[in-house]
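In: Take a look and give me a structure for this.
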Amino acid sequence: MFLEPYWMRHAEASAVVFSGWHRMSYRATDGRFQSVELERIIKQLHRAVGNAVADDKHIVFGTGSAQLISALVYALSPDSNSGSSAGVVATAPYYPAYKTSTVLFDSRENHWEGSTATWANASGNSTMNEDIIEFVTSPNNPDAQLRRPVVGGASAIVDHAYYWPHFTHIPAPDDEDVMIFTASKLSGHASSRFGWALIRDEKVAQRVNDNIQQNTMGASRDTQLRMLGVIKAIVANLHGKDDIFAFGQDVMTAKWRKLNAVVSRSRRISLQKIPPQYCTYLGKIREPSPAYAWLKCGREEDGDCSDMLLKVKIITRPGDWCGASSRYTRISLLKSQDDFDLLLQRVTELVDAEEDTTAGSNSI
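Out: All right, here's what the predicted structure looks like:
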């Protein structure tokens, strides 16, 4: 929602209108389920931003990154006739959908193995005798840290949902074998349910594509048309006065700076540390602008940090959902400015009450 004001200012440039008879078929005019023009503009966007090597990759569209997550796990798992099952792992704290999606589909070919740390401790080293699929989110959801695969020999799925200049610095184009991106974080269009995977291996890409075609017969063509208009508008304004990444980074940096200033006064709660870093896209050192605040409760009585905040009317995602301690919780900074202002007000009230209590104790 934080990008809604940007698109209100660019309503005409990003608008898509089509007649009721247009795009009624499952397939595009070339017989494919995917728009070739949309593939082209996505690769152009990656080249211009410098966040991923895309030109030598196959692109597969999905209904959001959620569909791609399950399709990629399927594609990287052993064949059903092999009799083996791949373990799916992620380093905590991790995006909960990696676990819930794997468990939900309950496939013979794969199973949720848990944290990479748990698996490594069990195996005794970073090489394995079984198939492992490792999810890597970079920047990580929820703590915004840039990450690399840690399990040697694993098939890595690198989720780059937040690897855009409004959320993080871009040190270099990533060139992993499998990378996921989503429109919900690029442009804010979560309701369009559109994501894409960049895949080096043609056979893996074909298995992902087969899974999605069997599931939904590809991504919605109406959605593809809308995203073509949106991404064209983004590319047209890169490095200009209406650059979406400069706009988004300014908004998110201001939120982080304000929240950090309030929380830094507290001895009860704290935030993750994110240093300023050089961004190749912006050509300068940029301040942090994470999508989420990864907040820790330090008091012994605040063992359930999310529950403590809920009591002061702050809704968060508990740390144990992400495979971490319940002393941690995730606060979204992606909401509208009004929502953030209300959040900041309630965090300020919490910190002020803490300071009042401390002052009262010192005066006794």
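In: all contacts plus neighbour counts: C-alpha atoms, from now on.
Out: Noted.
In: Pull the contacting residues for the residue nearest to residue 191 when sequence neighbours are not counted.
Out: Of all residues not flanking residue 191 in the chain, residue 184 sits nearest, at 7.6 Å (Cα to Cα, 6 or more residues apart in numbering). Residues near residue 184 by Cα atoms under 8 Å, 6 or more residues apart in numbering: 64, 190, 191, 192, 193, 194.
In: Put together JSON lines for the residues you listed, with neighbour count on each row.
Out: Formatted as JSON lines, the contacts of residue 184 follow (neighbours: other Cα atoms under 10 Å):
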{"residue": "64", "neighbour count": "21"}
{"residue": "190", "neighbour count": "15"}
{"residue": "191", "neighbour count": "10"}
{"residue": "192", "neighbour count": "17"}
{"residue": "193", "neighbour count": "20"}
{"residue": "194", "neighbour count": "25"}
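In: Of the residues you listed, which is the nearest to residue 179?
Out: Nearest to residue 179 among these: residue 64, at 13.5 Å, using Cα to Cα.
In: residues contacting the closest one?
Out: 182, 183, 184, 192, 193, 194, 195, 196.
In: Which ones among those residues lie within helices?
Out: Residues of these located in helices (DSSP state H): 183, 184.
In: which pair in the contacts of residue 64 spans the largest distance?
Out: Spatial extent of these (Cα to Cα) is set by the pair 192 and 196 at 12.7 Å.
In: what kind of secondary structure is residue 89 in?
Out: With DSSP: H, G, I helix; E, B strand; the rest coil as the basis, residue 89 sits in strand.
In: Isn't it up against residue 137?
Out: No. In this structure, residue 89 is not within contact of residue 137 by Cα atoms under 8 Å, at 11.8 Å.
In: Could you count how many residues lie near residue 329?
Out: When neighbours are counted by other Cα atoms under 10 Å, residue 329 registers 29.
In: List the contacts of it.
Out: The neighbours of residue 329, taking Cα under 8 Å, 6+ apart as the test, are 294, 295, 296, 305, 306, 316, 317, 318, 319.
In: Pipe the residues you listed into a markdown table and attach neighbour count and secondary structure per row.
Out: Shown next, in a markdown table, are these (neighbours: other Cα atoms under 10 Å; DSSP: H, G, I helix; E, B strand; the rest coil):
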| residue | neighbour count | secondary structure |
| --- | --- | --- |
| 294 | 23 | strand |
| 295 | 23 | strand |
| 296 | 23 | strand |
| 305 | 25 | helix |
| 306 | 25 | helix |
| 316 | 19 | coil |
| 317 | 18 | strand |
| 318 | 21 | strand |
| 319 | 25 | helix |
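In: pretty sure residue 160 is touching residue 183, no?
Out: No. Using Cα under 8 Å, residue 160 is not in contact with residue 183; the gap is 11.2 Å.
In: which phi and psi does residue 108 have?
Out: Note on residue 108: its backbone torsions stand at phi -70, psi -20 [degrees, to the nearest 10].
In: Could I get the pLDDT score of it?
Out: For residue 108, the pLDDT comes out at 89.
In: same deal with residue 127?
Out: The score at residue 127 is 47. That number is its pLDDT.
In: and what of residue 152?
Out: You'll see residue 152 listed with a pLDDT of 88.
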